[in-house]
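what's the 3D shape of this:
(chains A, B, C and D)
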Protein chains: 2
Amino acid sequence: MPPKTRQRRTPDEARELILVAAQVRLSAYGVRGLTIKDVAADSDINHGTLLHHFGSAEGMRNALLARMTNSLTEDMSRILKENPGPESSIEALFDLMSSTGHIKLLAWRAMEEGRNNQFDMPDASIESVANIIERITSGLSDHDQLRARNMVFLAVSAAVGWGICGTGFQQMFGLSPAQQEEFPRWVGQQMAKLATQ
Amino acid sequence: MPPKTRQRRTPDEARELILVAAQVRLSAYGVRGLTIKDVAADSDINHGTLLHHFGSAEGMRNALLARMTNSLTEDMSRILKENPGPESSIEALFDLMSSTGHIKLLAWRAMEEGRNNQFDMPDASIESVANIIERITSGLSDHDQLRARNMVFLAVSAAVGWGICGTGFQQMFGLSPAQQEEFPRWVGQQMAKLATQ
DNA sequence: ACGGTTATTAACAAGAATGTTAATAATAGT
DNA sequence: ACTATTATTAACATTCTTGTTAATAACCGT
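Here you go, the predicted structure:
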């Protein structure tokens, strides 16, 4: 019998393959879809190998959480960095939150919040955004600085809330799909008004 | 041997006991805490009885989802009905979204969205809010009506986003806990400005 | 080429989660 | 008081999920 051939990956490659498959499953089936057997099957990797790389099912989930959190905060940082005024950045933020990956992550975090201390923000994520905010508001008076931070916080909160329950709530508020689509631009205009006061 | 004594409840009572225990577990442990055995144990009911009343584990989850959704939309309706201006209603909305129950529900919905068609809003919930919006905006021009609906939608979105990730994001935006606490009031003031333009 | 390291695999084990069944106790209607 | 209905229960069965182990194939440094 010829010896069986195996594909051998570097640990980083294997972890990457697994986490990509895990993220797809999270988006498609929610947290209950994150079983090691299913994730392993989707990434064509033996589930024993998965445990070898992540230690446990919880280890895999924590790794996925960290990965997705970093991805989200990097995207947020980039948007805040690249867009000068409120209008364009707010539309970009709403765009960002219409990506299912980010929304599933935030929903996941909110769901587990309060019981799993592994779930606080990674320091790198906190800093990547905090640095941008710091730069944007540098040179302003204390009052204007707080105001600017509140504005960004409001824009982000609105974008997140819209991503979390926008489609579910649109009927309640009597907004047609077209009006719903216009909503981010409208928010941008309102924020611009507030900024130039 | 004396015959064993049993507590016999009406179906509504039993379902109520079970769903209350289930909601507590959802808040404490997330969706993965919603196993029929644990929920049954918490409500001092045999898990076979639970299945008798809800048919399946998924049936129990759907019932909980409907119950919590109705509770949320009733609270929203009440707030919109009782508060005349933007400022007070917005603070009340933020208060509402700081209740863990509502946030866990929205996170849960967002998490499962896109694959479970049982998860769309119950008609009663849609109407309870839609009626209030209808009443508030009646008599306005088309333009002002859309504007009013957008304002409410923005306020709700911001409150939801703040509830979902407010505590997780506050460090990123350089807001102290005290400033974070002031945030809802600040949003109310800004919305009032926009409304009186 | 050789030897040590380790990523990979299948097989197995243990526990958890869901669901089924038959018996039984409580209740309501007559 | 009798009967039909049904809520309740324990015991069992099945599948799912996680984790372990020993063997093995692939790779790296020397």
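
Is stretch A:105-113 in proximity to chain B?
Yes: using CB under 8 Å from any CB of the partner chain, stretch A:105-113 reaches chain B at A:106, A:107, A:108, A:109, A:110, A:111, A:112, A:113. Heads up, the C-betas are built off the backbone N, CA and C, glycines and all.

Can you pull the phi/psi pair for the third one?
Geometry field for residue A:108 lists phi and psi as phi -60, psi -50, criterion degrees, to the nearest 10.

need the contact list for it.
Residue A:108 sits next to A:26, A:31, A:65, B:107, B:111 when contact means CB atoms under 8 Å, 6 or more residues apart in numbering or on different chains.

what's the nearest residue to residue A:103 if we skip its chain neighbours?
Sequence neighbours aside, residue A:163 is the residue nearest to residue A:103 in space, at 4.6 Å (criterion: CB to CB, 6 or more residues apart in numbering or on different chains).

Tell me the confidence at the one you found?
Note for residue A:163: predicted pLDDT of 97.

How far does stretch A:86-101 sit from its chain's centre?
Taking CA atoms, centre = their mean, to the nearest Å, one finds stretch A:86-101 lying 11 Å from the centre of the chain it belongs to.

Please point out which parts of it sit buried.
A:86, A:87, A:89, A:90, A:91, A:92, A:93, A:94, A:96, A:97, A:100 (16 or more other CB atoms under 10 Å in any protein chain shown).

ok, the contacts of residue A:108 vs DNA strand C, which is closest?
Closest approach to DNA strand C among these (CB to the nearest atom of the strand): residue A:31, at 12.9 Å.

Correct me if wrong: the closest one contacts residue A:109.
No: in this structure, residue A:31 is not within contact of residue A:109 by CB atoms under 8 Å, at 10.9 Å.

So residue A:172: helix, strand or coil?
The three-state label given to residue A:172 by DSSP: H, G, I helix; E, B strand; the rest coil is coil.

Also residue A:44?
Classified using three-state DSSP, residue A:44 is coil.

Phi first, then psi, for it.
phi 50, psi 50.

if you skip the residues just before and after it, what's nearest to it?
Counting by CB to CB, 6+ apart, the residue nearest residue A:44 is residue A:17, at 7.9 Å.

How about chain A: which residue is closest to DNA strand C?
For chain A, CB to the nearest atom of the strand, closest residue to DNA strand C: residue A:48, 3.1 Å.

Before we move on, what's the pLDDT of that residue?
98.

I'd guessed residue A:64 sits against residue A:22; true?
Yes: at 4.9 Å, residue A:64 and residue A:22 qualify as touching, with contact defined as CB under 8 Å.

Comparing the two, which residue is more hemmed in?
Neighbour count, other CB atoms under 10 Å in any protein chain shown: between residue A:64 and residue A:22, residue A:22 has more, with 28 against 23.

Now look at the helix or strand harbouring the more buried one and say if it contacts DNA strand C.
Assigned by DSSP states H and E, residue A:22 belongs to helix A:11-29. Yes: using CB under 7 Å from any atom of the strand, helix A:11-29 reaches DNA strand C at A:11, A:14.

So for that helix, mean pLDDT?
98.

buried ones in it?
A:14, A:15, A:17, A:18, A:19, A:21, A:22, A:23, A:25, A:26, A:27, A:29.

helices and strands around that helix, which ones?
Using 3 or more CB pairs under 8 Å, 6 or more residues apart in numbering or on different chains; DSSP states H and E as the contact test, the elements touching helix A:11-29 are helix A:36-42, helix A:47-54, helix A:57-82, helix A:100-112.

Now render the residues of stretch A:105-113 next to chain B as TSV, adding distance to DNA strand D.
Conversion of the residues of stretch A:105-113 next to chain B to TSV gives the following (distance: CB to the nearest atom of the strand, whole Å):
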residue	distance to DNA strand D
A:106	22
A:107	19
A:108	15
A:109	18
A:110	20
A:111	16
A:112	14
A:113	20
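
Now, of the residues you listed, which are buried?
Applying 16+ other CB under 10 Å to the residues of stretch A:105-113 next to chain B flags A:106, A:107, A:108, A:109, A:110, A:111, A:112, A:113 as buried.

Need the residues you listed in TSV (columns: distance to residue B:128).
Putting these into TSV (distance: CB to CB, whole Å) gives the following:
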residue	distance to residue B:128
A:106	26
A:107	24
A:108	29
A:109	29
A:110	24
A:111	25
A:112	30
A:113	28
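
The residue nearest the centre of chain A and DNA strand D, how far apart?
Against the mean C-alpha coordinate of chain A, by CA atoms, centre = their mean, the closest residue is residue A:102 at 3.1 Å. If you measure residue A:102 against DNA strand D using CB to the nearest atom of the strand, to the nearest Å, the figure is 23 Å.

Tell me if I'm right that that residue and residue A:75 touch.
Yes: counting by CB under 8 Å, residue A:102 sits close enough to residue A:75 to count as a contact (7.3 Å).

Find the residues that touch each one of these two.
residue A:96.

and stretch A:158-177, how far from the chain's centre?
For stretch A:158-177, the distance to the chain centre is 18 Å (CA atoms, centre = their mean).

Restricting to C-alpha, output that stretch in PDB.
Provided in PDB are the C-alpha atoms of stretch A:158-177 (Å, rounded to 0.1, in the frame of the first residue of the first chain):
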ATOM      1  CA  ALA A 158     -26.100  55.400  14.300                       C
ATOM      2  CA  ALA A 159     -24.300  53.300  11.700                       C
ATOM      3  CA  VAL A 160     -24.100  50.400  14.000                       C
ATOM      4  CA  GLY A 161     -27.700  50.600  15.100                       C
ATOM      5  CA  TRP A 162     -28.800  50.900  11.500                       C
ATOM      6  CA  GLY A 163     -26.700  47.800  10.600                       C
ATOM      7  CA  ILE A 164     -28.100  45.900  13.500                       C
ATOM      8  CA  CYS A 165     -31.800  46.500  13.000                       C
ATOM      9  CA  GLY A 166     -32.200  48.700  10.000                       C
ATOM     10  CA  THR A 167     -33.900  46.200   7.800                       C
ATOM     11  CA  GLY A 168     -35.900  44.800  10.600                       C
ATOM     12  CA  PHE A 169     -37.300  48.200  11.600                       C
ATOM     13  CA  GLN A 170     -37.800  49.900   8.300                       C
ATOM     14  CA  GLN A 171     -41.400  48.900   8.100                       C
ATOM     15  CA  MET A 172     -42.200  50.200  11.500                       C
ATOM     16  CA  PHE A 173     -41.000  53.700  10.500                       C
ATOM     17  CA  GLY A 174     -42.900  53.700   7.300                       C
ATOM     18  CA  LEU A 175     -39.700  54.000   5.200                       C
ATOM     19  CA  SER A 176     -39.700  52.500   1.700                       C
ATOM     20  CA  PRO A 177     -36.600  50.600   0.600                       C
END
